[in-house]
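K.L.:
Can you look at this prediction? I've put the sequence above it.
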Amino acid sequence: MIARPICHLQMVLVASPAYLAQAGVPQTLAELASHRLITRRFSAGKVCPWMFRERDDEIHTLDIAHSSLTMSSPELMTEAAVRHMGITQVAVQQAWPYLERGQLKVLLLGKHDPGPCQLVMQYPHRALISPRIKACIDHLLSRFSDIHAQNVAMDVLEQYSA
């Protein structure tokens, strides 16, 4: 397989303003652990970890084994957060329209550090790729690079923080 990078996925923790008004805005990992958490489970059964960089500059993983809600779809996780069901970790591009409309707020922006993650396009390796397949791949990569939500700078996210 050939993997062509589309973009770096910036992951953020988000929750609705209504949920935060009711449950409070977590400032630490201990406070976050007491909230309703919406986690992602992959088809192989692994739960996507939530990692944070603390003052000692070491990465700490939040124990999310007992989350309130577990889903496999980032779209549904985002929708659950918009519907005031708790806090979730999603890619910025997934949350971006809701952040712009004020339906979601970013949490623990300076502390949340999920590590590197990329969105890639994969296709079979062939010695001779047909010109129309190559043109399609190049067109899709070009269009993906034009999507604003995939290129949001972290300092821009500060204005959407709770």
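P.N.:
Thanks, I have the structure now. Numbers count the residues shown, from 1 in each chain.
K.L.:
where does the residue lying farthest from the centre of the chain land in three-state SS?
P.N.:
Centroid-distance maximum for the chain: L128 at 35.9 Å, with CA atoms, centre = their mean. Under DSSP: H, G, I helix; E, B strand; the rest coil, the three-state class of L128 is coil.
K.L.:
what bridges to the closest residue in space to H125 that isn't next to it in sequence?
P.N.:
In space, and not counting its chain neighbours, H125 is closest to I2: 5.1 Å by CB to CB, 6 or more residues apart in numbering. All C-beta atoms are positioned from the backbone trio N, CA, C, and that covers glycine. Residues in a beta bridge with I2, per DSSP bridges, are Y123.
K.L.:
Could you count how many residues lie near I2?
P.N.:
A count of nearby residues for I2, using other CB atoms under 10 Å, gives 12.
K.L.:
follow-up on the earlier one: contacts only, for the residue farthest from the centre of the chain.
P.N.:
If a contact means CB atoms under 8 Å, 6 or more residues apart in numbering, then L128 has no contacts.
K.L.:
Same question for the one 3 residues further on.
P.N.:
Listed by CB under 8 Å, 6+ apart, P131 has no contact partners.
K.L.:
What's the separation between it and Q122?
P.N.:
Distance from P131 to Q122, counting by CB to CB, to the nearest Å: 20 Å.
K.L.:
hmm, who's touching stretch 95-114?
P.N.:
11-17, 20, 25-27, 29, 32, 49-54, 59, 78, 81-82, 87, 89, 92, 148-149, 152, 154, 157-158, 160-162.
K.L.:
rewinding a little: how close does the residue farthest from the centre of the chain get to W50?
P.N.:
44 Å.
K.L.:
Find the nearest non-adjacent residue to L20, please.
P.N.:
Once flanking residues are discounted, L20 sits nearest to A162: 5.3 Å by CB to CB, 6+ apart.
K.L.:
before we move on, the earlier item: ok, the residue farthest from the centre of the chain to I6 distance?
P.N.:
Separation of L128 from I6 (CB to CB) stands at 24 Å.
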